[in-house]
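Enquirer: Sharing a sequence plus its predicted fold:
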Amino acid sequence: MESEKNEVLLKLKEAADIFVSNPKSYLLIPEIRTNLGYALSNAKDINDVAAIPGRITSAFNRAFYCLPPQFGASDHIARVIITAMRHDSNMRSAIDLRYYESIVYSLPKHEICMFDRRLEKEESRKKERHTMNFMVDYCFEQWNGESHYYIVDEGDVGKEKTIFVLGKDPVEVVEKSLSLLSFISINR
């Protein structure tokens, strides 16, 4: 168990370093900042998922993070990963990115799930911290049991639109994320 924990932390740090070392990665960071997570192979709760404490952020056209990965550091991204793992145990990593229409329209439609938060039932909305679980469950149902990599959270009043990238490990997730930079059609 300890060796797998160390392996998860090392792989997550490697991926976070790859992300922040790209000079354009700051373009992918939403106002709520970005988190990148990686779960143990038998993850059951947020303490089994490592993430970046304080998230990955940006300033002065540069991405950075302040603290090394830790287990239990993000409830938000952990819920996405654990819910995805219930559908596909190989989906052990995720990141949340800034929403761009140009990215969404550039991805093949069969590879993404568009999630409208208004689809969530009222009783589910009332449960604190339940929307991420509902969103991931909804998308896997739309995918009919197949795993895909992109979930678009269309946001809501007071909730920023984001794009989640799922994958087997954080290096794969970061590589997929950085490949999206080519679809950004803005000048910053």
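Expert: Nice, thanks for sending it over. Numbers count the residues shown, from 1 in each chain.
Enquirer: which non-adjacent residue is nearest residue 90?
Expert: Using Cβ to Cβ, 6 or more residues apart in numbering and skipping the chain neighbours, the partner closest in space to residue 90 is residue 168 (5.1 Å). For every residue, glycine as well, the C-beta is placed using N, CA and C.
Enquirer: Strands along this protein, start to end?
Expert: 36-39, 49-51, 57-58, 63-64, 70-71, 93-98, 112-115, 150-153, 162-167 (DSSP state E).
Enquirer: Run through who's touching the second one.
Expert: Strand 49-51 is touched from outside by 5, 8-9, 12, 35-40, 43, 69-74, 77-78, 81-82, with contacts defined as Cβ atoms under 8 Å, 6 or more residues apart in numbering.
Enquirer: likewise the fifth one?
Expert: Residues lying outside strand 70-71 but in contact with it, judged by Cβ under 8 Å, 6+ apart, are 5, 9, 47, 48, 49, 50, 51, 53.
Enquirer: Name every strand pairing with that strand and say which way it goes.
Expert: strand 49-51 (antiparallel) (DSSP bridges).
Enquirer: which residues does the nearest residue to residue 104 once chain neighbours are set aside contact?
Expert: Excluding the flanking residues, the one nearest residue 104 by Cβ to Cβ, 6+ apart is residue 152, at 5.6 Å. For residue 152, the set of contacting residues under the criterion of Cβ under 8 Å, 6+ apart consists of 99, 104, 112, 113, 114, 115, 161, 162, 163, 164.
Enquirer: Now, of these, which are buried?
Expert: Neighbour-count burial within these applies to 99, 104, 112, 113, 115, 162, 163, 164; the criterion is 16 or more other Cβ atoms under 10 Å.
Enquirer: As CSV, these with pLDDT would be great.
Expert: CSV is the format used below for the buried ones among the contacts of residue 152 (pLDDT from 0 to 100):
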residue, pLDDT
99, 94
104, 92
112, 89
113, 88
115, 82
162, 92
163, 94
164, 94
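Enquirer: just curious, which of the residues you listed is nearest to residue 93?
Expert: The nearest member of these to residue 93, counting by Cβ to Cβ, is residue 164 at 10.7 Å.
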